[in-house]
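Q: need a 3D model of the sequence below.
(one chain, ligands or ions: 1)
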Amino acid sequence: MKEFDYIIIGGGCAGLSLVYELEIYKKLENKTVAIIEPRNEYKRDKTWSFWKVVNHNFDDCLRKSWNNFSIKTFSKYKNIKCDKFPYQSIDSGLFYKKINERIKKNKNISFYKNIKDINTKNSFIFNSVPSIIENKNNFWQHFRGVEIETQDSFFDDNNINLMNFDCEQRNNVHFFYILPFEKNKALIETTWISKVNDNSLKDYNDQIKNYINKTLGLKNYKITYSEEGSIPLFYPTNVRERKKINIGTAGGMTRISTGYTFLNIQLQSKYIRENIENIENANIFKLKKKYKFLDKIFLKVLENHPNRMPDLFFNMFSCSSSTVINFLSNTSSIIEDILIIFKMPKWIFIKTIFKK
Ligand SMILES: Cc1cc2nc3c(=O)[nH]c(=O)nc-3n(C[C@H](O)[C@H](O)[C@H](O)COP(=O)(O)OP(=O)(O)OC[C@H]3O[C@@H](n4cnc5c(N)ncnc54)[C@H](O)[C@@H]3O)c2cc1C
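A: Numbers count the residues shown, from 1 in each chain. Predicted coordinates for the structure are as follows:
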């Protein structure tokens with residue numbers, strides 16, 4: 001069986017981002033790579049969005065970029081400018097196409113469906129398949145989004161609705177997320193933060209239909225695309241082994257308070273590329289400990305006080321937009337962290353820290 005210098009398990013966001021980063025920085029000229037990916041074809045399946053706080057390789061895969069976003073609760077509405085850090089949406093279909101077109105020119109890179117088809121004995125492995133142990137106490141962010149098209153102009157395509165909590169909560173945390181790509185095209189997503197095994201929250205199609213018909217007052221539209229998923233709001237149990245590094249969600253790149261992962265994956269790929277010559281001895285790229293600590297407390301508060309979350313998010317956004325964006329994108333200074341902490345209901349957080 002064939003041997004490879006590097007094996008990438010999972011050709012999704014992290015696996016492909018890494019191979020692309022290594023390829024464009026010419027780190028694969030004398031190296032062989034096997035990508036293990038079971039899917040039969042690459043097509044658009046996700047919309048990756050984030051505030052652009054650092055540069056990345058995929059500006060040409062953008063669906064759209066915005067300089068304004070809004071947040072809404074039952075009683076309050078806030079519009080926030082983010083010119084300094086625009087909110088970007090990447091079309092995964094364009095991302096897969098760009099990377100696959102580039103790497104197919106390198107004969108040293110091959111795809112396999114199953115790791116059993118190759119010899120892994122002497123390879124260095126980058127694994128992006130998370131090990132998840134079922135635990136009914138774990139939180140997930142789960143959602144379904146549909147892209148709709150209307151005949152006439154309907155949406156304000158300059159402003160995304162990041163979180164609209166003005167919808168039924170069913171004792172969990174629920175919001176709608178709207179990305180208006182054009183005046184007549186938008187992705188409308190129903191998003192829950194809950195312990196996912198509760199199927200009573202998964203009547204997504206009814207939720208979306210209701211929202212479009214009743215909240216937006218829109219009757220004539222057609223659905224052109226849909227995506228569904230769940231993001232673990234806990235760390236998978238993958239551990240580092242000799243000659244193996246976990247990447248992407250498996251490598252702890254998800255912010256467990258928000259689900260944002262895409263930009264962290266890009267930073268992790270860059271770090272691996274910078275250290276590839278000595279990868280066996282390099283430190284592991286990790287999110288800063290302070291975010292892990294604060295996110296865990298945040299989720300504990302969410303578990304005990306789901307009904308407080310709309311106001312809590314709303315208050316967080318009353319800091320300056322760059323402070324919140326830096327905090328949510330892991331680039332905040334200590335001063336910015338303190339500003340965010342001061343916006344939180346202090347007693348609830350203090351009690352949560354000391355509660356077993
Ligand atoms: C629908 C959706 C929307 C999201 N939107 C955002 C967003 O807006 N912003 C953001 O920051 N994050 C978002 N995320 C979270 C995160 O960015 C994505 O989940 C991202 O795809 C994670 O990259 P990954 O490589 O870790 O996992 P994946 O992209 O899921 O890649 C894992 C790959 O492994 C393959 N695989 C599975 N089993 C095996 C196996 N046994 N052997 C080999 N390969 C296998 C899969 O086919 C897949 O291609 C979203 C997640 C989902 C599901």
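Q: CA only for contacts and neighbour counts going forward, please
A: Noted.
Q: what does the stretch 51-200 of the chain have sitting close to the ligand?
A: 128-129 (CA under 6 Å from any ligand atom).
Q: ok, now with 8 Å
A: By CA under 8 Å from any ligand atom, the residues of the stretch 51-200 of the chain that approach the ligand are 89, 113-115, 128-130, 143-144.
Q: can you turn the buried part of the residues you listed into a PyMOL selection?
A: A single PyMOL command is used to select the members of those judged buried by 16 or more other CA atoms under 10 Å:
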select buried, resi 89+115+128+129+130+143+144
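Q: closest to Ser226 among the residues of the stretch 51-200 of the chain next to the ligand?
A: Arg144 (7.3 Å; CA to CA).
Q: secondary structure element for that closest one, which one?
A: Arg144 belongs to strand 140-149 when assigned by DSSP states H and E.
Q: if we can go back for a sec, inside helices: which ones of the residues of the stretch 51-200 of the chain next to the ligand?
A: With helices taken from DSSP state H, there is no overlap with those.
Q: ok, which pair from the residues of the stretch 51-200 of the chain next to the ligand is furthest apart?
A: Spanning the widest gap among those are Ser89 and Ile115, at 32.3 Å by CA to CA.
Q: as CSV, the residues of the stretch 51-200 of the chain next to the ligand with pLDDT would be great.
A: Listed next are these as CSV, based on pLDDT from 0 to 100:
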residue, pLDDT
Ser89, 98
Lys113, 97
Asn114, 95
Ile115, 95
Ser128, 98
Val129, 98
Pro130, 97
Phe143, 97
Arg144, 98
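Q: which one of the residues of the stretch 51-200 of the chain next to the ligand sits closest to Phe327?
A: Nearest member of those to Phe327, counting by CA to CA, is Ser89, at 19.3 Å.
Q: pull the contacting residues for the closest one.
A: Contact analysis of Ser89 by CA atoms under 8 Å, 6 or more residues apart in numbering lists 47-50, 62-65.
Q: the nearest residue to Arg255 once chain neighbours are set aside: neighbour count?
A: Nearest residue to Arg255 in three dimensions, chain neighbours excluded: Thr261, at 6.4 Å (CA to CA, 6 or more residues apart in numbering). Counted with other CA atoms under 10 Å, the neighbours of Thr261 add up to 22.
Q: tell me the pLDDT of Thr261.
A: Confidence at Thr261, expressed as pLDDT, is 98.
Q: quick one: contacts for it?
A: Counted by CA under 8 Å, 6+ apart, Thr261 has contacts 248-249, 253-255.
Q: where does Glu228 sit: helix, strand or coil?
A: State at Glu228, reduced to three classes by DSSP: H, G, I helix; E, B strand; the rest coil: strand.
Q: over to Lys209?
A: helix.
Q: now it: how far from Leu187?
A: Distance from Lys209 to Leu187, counting by CA to CA, to the nearest Å: 13 Å.
Q: swap in Gly15?
A: With CA to CA as the criterion, Gly15 and Leu187 are 26 Å apart.
Q: one step back: and the strand holding Arg144, what's buried?
A: Using 16+ other CA under 10 Å as the test for burial, strand 140-149 gives 140-149.
Q: okay, and Lys105 sits in which element?
A: Short version, using DSSP H and E: Lys105 is in no helix or strand.
Q: repeat that for Ser65.
A: Following DSSP H and E, the helix or strand that holds Ser65 is strand 62-66.
Q: and the helices in the protein, which stretches?
A: Using DSSP H, the helices assigned to the chain run over residues 13-24, 92-103, 204-210, 262-275, 289-304, 309-316, 321-328, 334-343, 346-354.
Q: higher neighbour count, Lys209 and Leu187?
A: Per other CA under 10 Å, whichever of Lys209 and Leu187 has more neighbours is Leu187, with 22 against 15.
Q: can you pull the pLDDT of that one?
A: In this model, Leu187 carries a pLDDT of 98.
Q: give me the nearest residue to it, chain neighbours excluded.
A: Glu147 (4.1 Å).
Q: give me the domain ranges for this protein.
A: Using automatic domain parsing, the domain parsing of the chain gives 6-67+91-132+234-281, 139-232, 289-355.
Q: closest to Cys82 out of these?
A: domain 6-67+91-132+234-281 (4.9 Å).
Q: quick one: contacts for the residue nearest to Ile223 when sequence neighbours are not counted?
A: Spatial nearest neighbour of Ile223, excluding adjacent residues (CA to CA, 6+ apart): Ile148 at 4.4 Å. By CA under 8 Å, 6+ apart, the residues touching Ile148 are 184-188, 221-225.
Q: ok, 7 Å please
A: 185-187, 221-224 (CA atoms under 7 Å, 6 or more residues apart in numbering).
Q: ok, which of the contacts of Thr261 also contact the ligand?
A: Restricting those to those touching the ligand (CA under 8 Å from any ligand atom) yields 248-249, 253-254.
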